[in-house]
Each structure stands twice: as C-alpha cells, then as structure tokens.
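[1] A predicted structure for the sequence below; I have some questions about it.
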Amino acid sequence: MDDVLRLDAVGQAQAVRDGQVSARELAEAAIAAVEAHDGELNAVVHRRFERALAEIDGLPADAPFRGVPILLKDLGWRQAGEPYAAGSRVRDDLDAADDGAQDGHGVVRLCRAGFVLLGRTNTPEFGSTVTTEPLAYGPTRNPYDPAYSAGGSSGGSAAAVAAGMVALATASDGGGSIRVPASLCGLVGLKPTRGRLSMGPSMGEGWSGFSCPGFVSRTVRDTAAALDAVSGYEPGDPYDAPALPGPLTAELHADPGRLRIGFLTAHPRPDVPADPDLAEAVTRAAALLESLGHDVTPGGPPALAEPEFARHFGAIVANNLAAHVVSLGAARGRPVELHELEPRNAAMVTAARANSAADHILATQWVDGFRRRMASWWAAGNDLLLMPSSGAAPFRLGWIPPADLSTAFGRTAQVVAYTSPINATGQPAVSLPLHRDAAGMPVGVQLVAAAGREDLLIRVAAQIEQVRPFEHAAMR
C-alpha cells in the first residue's frame with residue numbers, strides 16, 4: 001500500500017480503476033498516514049475520516065479521481081456542515097459546523113471528480129502571513145526538517161503533501177500562499193489566473209481580487225488535472241479568466257516552442273541583498289531552460305521594483321481583513337475586539353480603520369496602473385519571467401516573530417516581494433522544486449506567464465519535469 005500512496009493523484013486514480021486497490025483501501029491508507037505522521041507535523045486540524053469513508057460508495061463511478069484522498073485548506077474551500085476556523089480563535093464563538101455555509105463551488109466540483117475529502121489543513125489566522133504558526137492550532141512543521149516553517153498560508157496543505165499523507169491538497173494564494181509553501185516543501189504550486197476558479201457562492205473575490213484558489217501537488221500532471229476538474233466560471237462571479245485552448249492535461253506533452261524568458265536574481269527591494277541560494281536556484285533553472293532551446297536573458301518588468309507597491313498592496317489587504325473581522329462580529333452577534341486577534345492582525349485592522357473609503361479606492365486605482373505597467377513587459381514579446389518563489393531562503397519556525405511586529409512585517413514583505421505583485425496583476429505563476437540549499441531544504445523557482453496562459457506554464461513545467469524529475473525526499 002505504501003507504493004500506491006507514493007503515486008501522484010493521477011496514478012492513484014488509475015490504480016483504483018485498474019483494481020490494484022479499492023477506493024476504501026486507498027482512503028484507509030491515507031488516514032493511517034495522517035495518524036502516523038501528523039502528530040509531529042501538525043498539518044491537519046480537522047479530521048472527518050468516518051464521514052469520508054461513508055461517502056465513498058456514493059462517488060460517481062466514472063469520476064476521473066474516484067477514490068483519491070484529498071485534504072482541504074481551512075481557509076476558503078467551505079464544506080457545509082463541517083467546522084471552519086480559518087486559523088483563528090474567533091471562530092470558537094460560532095457554531096462553525098452549522099453556520100449556514102454552503103459547499104463552495106470548488107468543493108462541489110471536487111466531489112463530482114470523485115475525491116475523498118479527509119479533512120482540513122492548518123493555516124495562519126485569516127491567511128495573513130507566510131508561515132503557518134497560528135495561536136489557535138500551533139505551528140505546522142516542515143517535513144524536511146521539523147525546525148523549519150512549512151510556509152503559509154497553505155502550509156498545512158503543503159506539509160501534508162510533502163510528507164506523503166495525500167498526493168494533492170487544496171490551497172489558496174493572496175500574496176504567495178501557494179507558491180511560498182510549495183517552495184519551502186519541495187512541491188509544485190500553481191497560482192491560476194484571476195477568475196479561473198470560482199470562489200462562490202459565499203464569496204465573489206478575496207482581498208479585492210488578489211486571492212485565488214488552487215492546489216499543491218508533487219507532479220505537474222496532478223496540478224493540471226486538478227485544475228481541469230475544478231476550473232470554470234459560475235454565474236455571478238465577478239471575474240472570468242480568458243478561455244484556455246483546451247484541457248490543461250492536453251498541454252502536458254505539447255511542445256512549448258522556443259520561448260523568450262527573462263530572469264531575475266536581485267531582490268525587488270534594494271535594501272535586501274540577493275540570497276546566494278535563491279540566486280543559484282534561478283541561475284541553474286535559467287541554464288536548464290536555455291539547454292531546452294529557449295532564449296533566456298537577464299531582465300524583467302521594471303514595475304516589479306516600484307517602491308510604492310508594498311504600501312498599496314498592504315493597505316488593500318488590511319482593509320479587506322478589517323471588513324472580514326466586522327462580518328465575523330455580525331455573524332456571532334457582537335463585535336470582534338482587537339485583543340481577540342493575533343497581534344499581527346490586530347495591527348492591520350487598526351491601520352485599516354484609519355483609512356477612508358477614498359483611500360481604498362485610490363489604492364486600487366494605483367494597482368490598476370501597476371497591472372498595466374507589468375503587463376507591458378509580456379506585451380513587448382516576452383513569454384515567461386523566471387525568479388525565486390520566495391524572497392527569503394528557507395527559514396525556521398519563529399523567524400517571523402508574533403510579538404515583534406516591525407520585524408514580522410519587514411520579513412513578511414521580504415518573502416512576498418516576488419509573489420504579491422503577481423497577485424495584484426492576476427497573472428498565473430507556478431513554483432517548481434528545482435533546488436536544495438546546503439542543509440537539504442527545498443528552494444523553489446517561479447515562472448510567471450501573461451494573464452490566461454496557464455497552458456504555457458503547464459507545457460514548460462512538464463518539459464522541465466521530464467528532463468529533471470522532481471525529488472520528494474520528505475515523503476514518509
């Protein structure tokens with residue numbers, strides 16, 4: 001059974017179809033893996049094992065992923081009748097298993113695809129930082145070294161997949177929350193184009209359009225197949241991503257052609273020196289891409305280094321967090337007090353309360369211009385941008401301190417400097433596990449395509465994976 005658990009999700013689905021293993025046996029093996037390894041890692045905060053096993057017989061017989069176990073990030077990805085905390089102690093005041101929530105469109109599509117939903121994974125409070133160390137549930141540890149962070153905000157999902165509990169887990173990305181954990185845990189993590197996946201019916205958008213759902217996985221084909229299963233516009237969604245030429249799985253063996261690829265190793269913030277491990281990861285990836293026949297040259301969009309970006313991005317996120325806190329208070333019948341929040345979020349809410357509605361609109365208008373300035377680089381004939389997935393080397397738990405807010409905010413801004421601009425533009429980007437530092441910790445590199453071009457990312461990522469298969473040494 002261990003051999004089947006080591007397969008990716010596509011491989012597990014094939015094993016079920018071939019009769020090599022039953023859907024129940026596969027789910028029971030994944031449950032055993034969670035019970036064996038999660039005590040140390042603390043990736044899974046809610047387990048629904050009995051319900052999951054009871055639902056197997058009702059899965060569609062012809063579903064592409066029938067019987068494949070999956071874990072849901074406990075932020076977004078709502079499932080009716082199940083606890084939901086978003087990493088916060090505030091939810092303790094709500095009957096989260098009966099708060100009127102509906103299944104999210106993404107969850108409905110996962111069930112139609114035949115996935116077995118085993119539970120929910122750890123996340124920092126409201127997903128507002130890049131390490132998963134919430135006071136409500138405690139830290140998630142990196143399977144490569146338990147002293148290290150698994151990243152955030154999809155750190156629980158990334159740790160579970162990297163450890164081999166499941167082959168695939170849901171995630172979301174508002175400033176790097178898919179790509180940073182994928183980088184730190186040695187996984188594939190693709191942030192889709194804005195609007196590719198619906199966030200309904202309970203939400204229209206997250207963080208004024210910055211956030212989007214996705215997955216962390218061990219293979220490119222899993223990412224492609226999972227996105228095919230859940231992507232698509234739903235009536236009433238505020239965005240609709242440009243149409244793809246066909247299923248992403250059809251791109252896995254397509255020739256990407258000779259592409260123009262720019263690459264960056266200098267940190268976007270001039271006060272942050274280039275990290276040798278991050279620079280080496282990008283330089284090696286650039287050489288690999290060049291060996292595959294692509295035109296690879298230094299350079300990228302000048303807008304990426306605009307110093308005003310972090311201030312406007314941070315203000316918009318803080319304003320959205322403040323609105324979310326108000327809605328939580330309305331749901332439980334009394335306002336959420338600042339002392340109930342983690343210090344980081346209390347500070348963000350306090351800052352947001354000093355902003356006016358006009359301030360928020362002006363910040364979004366600045367981002368509108370930033371998005372056009374960024375897009376001009378791709379419009380000029382460039383196909384992909386290569387850069388680090390994280391603005392900091394793999395870091396230990398506690399490196400982003402919960403009480404020293406100046407240090408915490410500064411280090412968070414350093415980490416997301418390569419990722420958050422791509423959330424603002426709404427473009428797709430994928431983190432690939434192509435490097436390890438001297439301690440053996442994973443270091444990912446990121447490829448960014450023009451809006452709507454997930455197909456190109458899948459083509460190139462599959463091309464890379466074919467000649468440089470990804471290693472997953474943390475699987476247990």
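    Noted; the coordinates are in hand. Residues are numbered from 1 along each chain as shown.

[2] so what's the residue nearest the centre of the chain up against?
    Ranked by distance to the mean C-alpha position of the chain (Cα atoms, centre = their mean), the top residue is I178 at 1.8 Å. Applying Cβ atoms under 8 Å, 6 or more residues apart in numbering, one finds that I178 lies in contact with 154, 171-172, 189-191, 214-216, 431. All C-beta atoms are positioned from the backbone trio N, CA, C, and that covers glycine.

[3] between the residues you listed, which is nearest L457?
    Looking at these and their distance to L457, the nearest is L190, at 6.5 Å (Cβ to Cβ).

[4] so which helix or strand takes in that closest one?
    Using DSSP states H and E, L190 sits in strand 188-191.

[5] Now do the buried residues in that strand.
    Neighbour counts over strand 188-191 (16 or more other Cβ atoms under 10 Å) mark 188-191 as buried.

[6] need the helices for the stretch 201-350 of the chain, in chain order.
    220-230, 276-291, 309-332, 343-353 (DSSP state H, counting those that start in this stretch).

[7] the inter-axis angle of the longest one versus helix 343-353?
    Think helix 309-332. Direction vectors for helix 309-332 and helix 343-353, defined by axes from the mean of the first three to the mean of the last three Cα atoms, to 10 degrees, enclose an angle of 100 degrees.

[8] for the second one, same thing?
    Angle of helix 276-291 versus helix 343-353, following the same axes, to 10 degrees, is 80 degrees.

[9] next one: the first one
    Our comparison of helix 220-230 with helix 343-353, counting by the same axes, to 10 degrees, yields an angle of 50 degrees.

[10] So what touches helix 220-230?
    Residues outside helix 220-230 that contact it (Cβ under 8 Å, 6+ apart) are 8-10, 64-65, 106, 109-110, 112-113, 167-168, 188-190, 192, 196-197, 213-215, 217, 247-249, 251-252, 430, 454, 458, 461-462, 465.

[11] Of the contacts of I178, which pair is most distant in space?
    Largest separation among the contacts of I178 by Cβ to Cβ: S172 and S431, giving 14.2 Å.

[12] more crowded one of these two?
    Neighbour comparison, S172 and S431: the larger count goes to S431, with 33 against 26 (by other Cβ atoms under 10 Å).

[13] Are we agreed that the more buried one is in a helix?
    No. S431: not assigned to a helix; according to DSSP: H, G, I helix; E, B strand; the rest coil it is strand.

[14] sec struct for the residue nearest to P69 when sequence neighbours are not counted, please.
    In space, not counting the residues next to it along the chain, P69 is nearest to A30; the distance is 3.8 Å by Cβ to Cβ, 6 or more residues apart in numbering. Secondary structure state of A30, per three-state DSSP, is helix.

[15] Pop out the phi and psi values for the residue nearest to the centre of the chain.
    I178 adopts backbone torsions of phi -100, psi -50, taken as degrees, to the nearest 10.

[16] Out of the contacts of helix 220-230, which end up buried?
    Buried positions within the contacts of helix 220-230, assessed by neighbour count (16+ other Cβ under 10 Å), are 8-10, 64-65, 106, 109-110, 113, 167-168, 188-190, 192, 196-197, 213-215, 217, 247-249, 251-252, 430, 454, 458, 461-462, 465.

[17] my read: A305 touches P268, true?
    Yes. In this structure A305 lies within contact range of P268 using Cβ atoms under 8 Å: 4.8 Å.

[18] Between those two, tell me which one has more neighbours.
    Relative neighbour count places P268 above the other of A305 and P268, with 21 against 16, counting by other Cβ under 10 Å.

[19] which residues does the more buried one contact?
    P268 neighbours (Cβ under 8 Å, 6+ apart): 304-305, 391, 417-418, 421.

[20] Could I get the pLDDT score of it?
    If you check P268, the pLDDT there is 94.

[21] Against I56, how distant is R373?
    Using Cβ to Cβ, to the nearest Å, one gets 50 Å for the distance from R373 to I56.

[22] Settle it for me: which of those two has more neighbours?
    More crowded of R373 and I56, by other Cβ under 10 Å: I56, with 17 against 14.

[23] Just the pLDDT for the more buried one.
    Note for I56: predicted pLDDT of 97.

[24] What of the one 3 residues further on?
    If you check L59, the pLDDT there is 95.

[25] That one: how many residues sit nearby?
    As a burial measure, L59 scores 19 neighbours (other Cβ under 10 Å).

[26] For P60, give me its contacts.
    Per Cβ under 8 Å, 6+ apart, neighbours of P60: 66, 112, 114.

[27] right, and out of those, which lies closest to A287?
    Scanning the contacts of P60 for proximity to A287, where the rule is Cβ to Cβ, the winner is G114, at 40.4 Å.

[28] any idea which helix or strand carries that closest one?
    For G114, there is no helix or strand it lies in under DSSP H and E.

[29] my guess is it contacts G58, does it?
    No. In this structure, G114 sits apart from G58 without contact. The criterion is Cβ under 8 Å, and the distance is 10.3 Å.

[30] between the two, which one's more packed in?
    Neighbours around G114 and G58, counted as other Cβ under 10 Å, are more numerous at G114. The numbers are 22 against 7.

[31] ok, now how distant is the closest residue to that one other than its chain neighbours from L110?
    Spatial nearest neighbour of G114, excluding adjacent residues (Cβ to Cβ, 6+ apart): A63 at 2.8 Å. Distance of A63 to L110, given as Cβ to Cβ: 10 Å.

[32] quick one: which of the helices of the stretch 201-350 of the chain is nearest G204?
    When the helices of the stretch 201-350 of the chain are ranked by proximity to G204 (Cβ to Cβ), helix 309-332 comes first, at 12.1 Å.

[33] contacting residues around the spatially closest residue to F49 that is not a sequence neighbour?
    Distances taken as Cβ to Cβ, 6+ apart place I31 nearest to F49, at 5.0 Å, with adjacent residues excluded. Shown in contact with I31 (Cβ under 8 Å, 6+ apart): 49, 52-53, 69, 118.
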